[in-house]
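1. Kindly generate the corresponding structure for this input.
(chains A and B)
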Amino acid sequence: GEDVEQSLFLSVREGDSSVINCTYTDSSSTYLYWYKQEPGAGLQLLTYIFSNMDMKQDQRLTVLLNKKDKHLSLRIADTQTGDSAIYFCAESLNNDYKLSFGAGTTVTVRA
Amino acid sequence: DSGVTQTPKHLITATGQRVTLRCSPRSGDLSVYWYQQSLDQGLQFLIQYYNGEERAKGNILERFSAQQFPDLHSELNLSSLELGDSALYFCASSFGQGGRLKDTQYFGPGTRLTVL
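-> Coordinates of the predicted model:
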């Protein structure tokens, strides 16, 4: 989606933390989502954050939202080989029906 | 497993042909969304149905159409297929119409369409 931008690639060593960044342009975004797509598979919802929150933690995942800068990040602690995938940031707007996706960040975990 | 099912998993056809992709939403979900994922366009929203009625249209070509049946399953019809229609087509479902937490979309595994 043209309103959501992500860096395209990230390489990280196994056991390190991964940080995937996303910027969005629409200030009326209500919910922001992170989806994971493994090779040959569909989109798996990882986590979401409501626009009035700054941070959300869910096990190894931490989502940070800077609403002023319209910046969203996903941190994966203790990255494992199974975390290798494409990660999509997506936004939904108030009363809007569709999700607008970024281009996806391909995360490669090396041993 | 998201609970959203899509058939077929793969589809190979020729230019000019017509195909139908099928989606069954999660139990209890009333909305079905269709998305197209291609290398050059990324993930693009095509169309949404809510409880049998069309609710929103995105970047859907006139050659494409969809419907949602009384049992809430949905079909996406693609006709006069062109090489550029080759893509992964995802269906997603949600309880409501969108924009709220309970409207979080859950995606099916996708149908990979190859047009030769």
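2. any idea how far residue A:83 is from the closest residue to residue A:17 other than its chain neighbours?
-> Spatial nearest neighbour of residue A:17, chain neighbours left out: residue A:77 (5.3 Å); criterion: C-beta to C-beta, 6 or more residues apart in numbering or on different chains. (Glycine included, C-beta is placed from N, CA and C.) In this view, residue A:77 and residue A:83 are 10 Å apart by C-beta to C-beta, to the nearest Å.
3. more neighbours, the two?
-> residue A:83 (18 against 13; other C-beta atoms under 10 Å in any protein chain shown).
4. Tell me the confidence at the more buried one?
-> Note for residue A:83: predicted pLDDT of 96.
5. My guess is it contacts residue A:20. True?
-> No. Using C-beta atoms under 8 Å, residue A:83 is not in contact with residue A:20, being 10.5 Å away.
6. Touching both of those two, which residues are there?
-> Overlap of the contact sets of residue A:83 and residue A:20 (by C-beta atoms under 8 Å, 6 or more residues apart in numbering or on different chains) consists of A:76, A:107.
7. Low-confidence regions, the chain specifically.
-> Went with chain A since none was named. A:1-2, A:29, A:94-97 (pLDDT under 70).
8. Sorry, I should have been clearer: chain B.
-> Across chain B (using pLDDT under 70), the flagged ranges come out as B:98-102.
9. Would you map the strands across it?
-> For chain B, the strands defined by DSSP state E occupy B:5-7, B:10-13, B:19-24, B:31-38, B:42-50, B:53-57, B:64-68, B:74-78, B:87-94, B:106-107, B:111-115.
10. Then chain A?
-> Using DSSP E, strands in chain A cover A:4-6, A:9-13, A:18-24, A:29-37, A:43-50, A:55-58, A:61-66, A:71-76, A:85-93, A:100-101, A:105-110.
11. Residue B:22: neighbouring residues, count only.
-> Neighbours around residue B:22, by other C-beta under 10 Å: 15.
12. Since that was my last question, I'll sign off now.
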